[in-house]
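*Asks:* missing the sequence, but the structure's below:
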């Protein structure tokens, strides 16, 4: 139906998540009609993304260098590690300005149905980081108040995310670290009427005294 | 928030129609996580689209050569010209297999509010094609049955598209050509209940005897 270069781009665009045949067609014709420099800038940005970024050797966040800007930042407390499924989750947590520790990107969540077990995620790497922290605290002498290690498991509040959190808690509690999970409950500013029963049930079970 | 190459790609993706900030972020991280070859293939397809295609010198359809495959096809009747707003509309009409003539891409529709007048569209070029056809018919001798020229104005059934159709009809009728417009009416397989009143009104006004 379309000339080959057009069809090829439609095919490539259709492979992107959330882009159907129709949107891919629309995008391809858009790129035919814009200034050539605009189309080239988009193509260049895709190439640069892959050539100029890699994953942080410590936490697996996206970085333009060897270690990411968060791991390099001396003001971030190394004793707090927030575990997330994907690198893009870091930006969401950073936006809250509630967390001043470091991160660890798992690369997904446990999902036996999809064949994703502990060895498919960066759990071994997390364990090494925890051991290293523990050794460092021990060398500095215990009881200085600096010895607290907390692993905050911010995987998605889904079955897979919850399973992963349970697994990590069981695995790392024997290391003498605190393992926590962000609260589930009613969204702030939301309407009680619209809360689903599971979220509302969790909110009631985790109720706090005022 | 994001590393520069990531932010740059998010910015470029956000410029695409129908792609918001959030989808742009999602796409950028997707392109970070796929095989590098996949990302390069997408970038390459964008570049090739611009380097290997241009617009047909006769009808302004997208083409990999000088003239598009429809204009080059000797089985297409040159006396029938279907006028569309954009090149992508051609594929929609071709899919019906109801039309065996040629096309003419206007490049938009008349819209005084957006400053789009007749000179912003390829109307001059259409006029030249009509004059050429008329001259050819005259040279072949009148009354051979081959002298029919029909301009089918398949602009969108919107105010702009209707205005453009009216304008073209007024402009080209004095050339002795037939100017038509596809019927508006109820969608086939649709439910009368869901028809909007303007479409239903048009369907009633254009009713056909059975």
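*Replies:* Perfect, I can see it now. Note that the structure is predicted; figures quoted are calculated from it, not measured. Numbers count the residues shown, from 1 in each chain, chains lettered A, B, ... in the order given.
*Asks:* so how far is the strand or helix carrying residue A:134 off the chain centroid?
*Replies:* Residue A:134 is part of helix A:123-139, with elements assigned from DSSP states H and E. Here the centre of mass of C-alpha atoms in helix A:123-139, compared against the chain's by CA atoms, centre = their mean, to the nearest Å, lies 21 Å away.
*Asks:* Name every strand pairing with whichever helix or strand comes after that helix and say which way it goes.
*Replies:* Secondary structure here is assigned by DSSP H and E; on that basis, the next helix or strand after helix A:123-139 toward the C-terminus is strand A:150-153. Its sheet considered, strand A:150-153 pairs with strand A:77-84 (parallel), strand A:178-180 (parallel) by DSSP bridges.
*Asks:* Quick one, grab the pLDDT at the nearest residue to residue A:80 once chain neighbours are set aside.
*Replies:* Of all residues beyond its chain neighbours, the one nearest residue A:80 is residue A:101 (2.7 Å), with distances taken as CB to CB, 6 or more residues apart in numbering or on different chains. Placement of C-beta: from N, CA and C, glycine included. Predicted confidence (pLDDT) at residue A:101: the value is 95.
*Asks:* Quick check: chain neighbours aside, which residue is closest to the residue positioned nearest the centre of chain A?
*Replies:* With distances taken as CA atoms, centre = their mean, the residue of chain A nearest its centroid is residue A:86 (2.8 Å). Beyond its immediate neighbours in the sequence, the residue positioned closest to residue A:86 (CB to CB, 6+ apart) is residue A:105, lying 6.5 Å away.
*Asks:* With residue A:108 as the reference, measure out to residue A:75.
*Replies:* Residue A:75 sits 29 Å away from residue A:108 when distances are taken as CB to CB, to the nearest Å.
*Asks:* low-scoring stretches of chain A, by residue?
*Replies:* Where chain A drops to pLDDT under 70, the residues are A:141-147.
*Asks:* Where do the strands of it begin and end?
*Replies:* With DSSP state E as the criterion, chain A has strands at A:54-55, A:62-63, A:77-84, A:101-105, A:150-153, A:178-180.
*Asks:* Any chance of these in JSON lines with mean neighbour count as columns?
*Replies:* Converted to JSON lines, the strands of chain A look like this (neighbours: other CB atoms under 10 Å in any protein chain shown):
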{"stretch": "strand A:54-55", "mean neighbour count": "16"}
{"stretch": "strand A:62-63", "mean neighbour count": "24"}
{"stretch": "strand A:77-84", "mean neighbour count": "20"}
{"stretch": "strand A:101-105", "mean neighbour count": "23"}
{"stretch": "strand A:150-153", "mean neighbour count": "21"}
{"stretch": "strand A:178-180", "mean neighbour count": "16"}
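*Asks:* Of all the ones you listed, which one is nearest residue A:35?
*Replies:* Shortest distance between residue A:35 and the strands of chain A, using CB to CB, is found for strand A:62-63: 29.2 Å.
*Asks:* count of residues packed around residue A:12?
*Replies:* Each residue near residue A:12 was counted by other CB atoms under 10 Å in any protein chain shown, and the total is 21.
*Asks:* follow-up on the earlier one: who's in contact with the helix holding residue A:134?
*Replies:* Contacts made with helix A:123-139 from outside it, assessed by CB atoms under 8 Å, 6 or more residues apart in numbering or on different chains, are listed as A:58, A:60, A:78-79, A:81, A:83, A:104, A:106, A:146-147, A:149, A:151, A:168, A:171-172, A:175-177.
*Asks:* again, only this time at 7 Å
*Replies:* If you take CB atoms under 7 Å, 6 or more residues apart in numbering or on different chains as the criterion, helix A:123-139 is touched by A:78-79, A:81, A:83, A:104, A:106, A:146-147, A:149, A:172, A:175, A:177.
*Asks:* Closest to residue B:197 out of these?
*Replies:* Looking at those and their distance to residue B:197, the nearest is residue A:106, at 55.2 Å (CB to CB).
*Asks:* residues contacting that closest one?
*Replies:* Contacts of residue A:106 (CB under 7 Å, 6+ apart): A:83-85, A:121-123.
*Asks:* Let's see that with 8 Å instead.
*Replies:* Residue A:106 makes contacts with A:83-85, A:121-123, A:126, A:155, A:164, as judged by CB under 8 Å, 6+ apart.
*Asks:* Return the distance of it relative to residue B:6.
*Replies:* Counting by CB to CB, the separation of residue A:106 from residue B:6 is 19 Å.
*Asks:* So what pairs up with the residue nearest to residue A:80 in the strands?
*Replies:* With DSSP bridges as the criterion, the beta-bridge partners of residue A:101 are residue A:77.
*Asks:* residues touching the nearest residue to residue A:14 once chain neighbours are set aside, list them.
*Replies:* Excluding its sequence neighbours, the residue lying closest to residue A:14 (CB to CB, 6+ apart) is residue A:24, at 4.3 Å. Residues in contact with residue A:24, defined by CB under 8 Å, 6+ apart, are A:9-11, A:13-14, A:16.
*Asks:* For residue A:58, see how far away residue A:24 is.
*Replies:* 38 Å.
*Asks:* Please parse chain A into its domains.
*Replies:* Annotated domains of chain A cover A:4-52, A:62-209 [automatic domain parsing].
*Asks:* So for the last one, first residue to last residue, what's the gap.
*Replies:* Yep, that's domain A:62-209 we're talking about. In terms of CA to CA, to the nearest Å, the two terminal residues of domain A:62-209 are separated by 40 Å.
*Asks:* same question, the first one
*Replies:* Distance across domain A:4-52, first residue to last, is 31 Å (CA to CA).
*Asks:* ok now it, how far from the chain's centre?
*Replies:* Per CA atoms, centre = their mean, the centroid offset for domain A:4-52 relative to its chain is 26 Å.
*Asks:* With stretch A:97-114 instead?
*Replies:* Computed by CA atoms, centre = their mean, the chain-centroid distance of stretch A:97-114 equals 5 Å.
*Asks:* And for stretch A:46-65?
*Replies:* Here the centre of mass of C-alpha atoms in stretch A:46-65, compared against the chain's by CA atoms, centre = their mean, lies 14 Å away.
*Asks:* that older thread, I'd like the strands of chain A as JSON lines, with distance to residue A:135 appended.
*Replies:* Written out in JSON lines, the entries for those read as follows (distance: least, CB to CB, whole Å):
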{"stretch": "strand A:54-55", "distance to residue A:135": "24"}
{"stretch": "strand A:62-63", "distance to residue A:135": "25"}
{"stretch": "strand A:77-84", "distance to residue A:135": "12"}
{"stretch": "strand A:101-105", "distance to residue A:135": "17"}
{"stretch": "strand A:150-153", "distance to residue A:135": "16"}
{"stretch": "strand A:178-180", "distance to residue A:135": "17"}
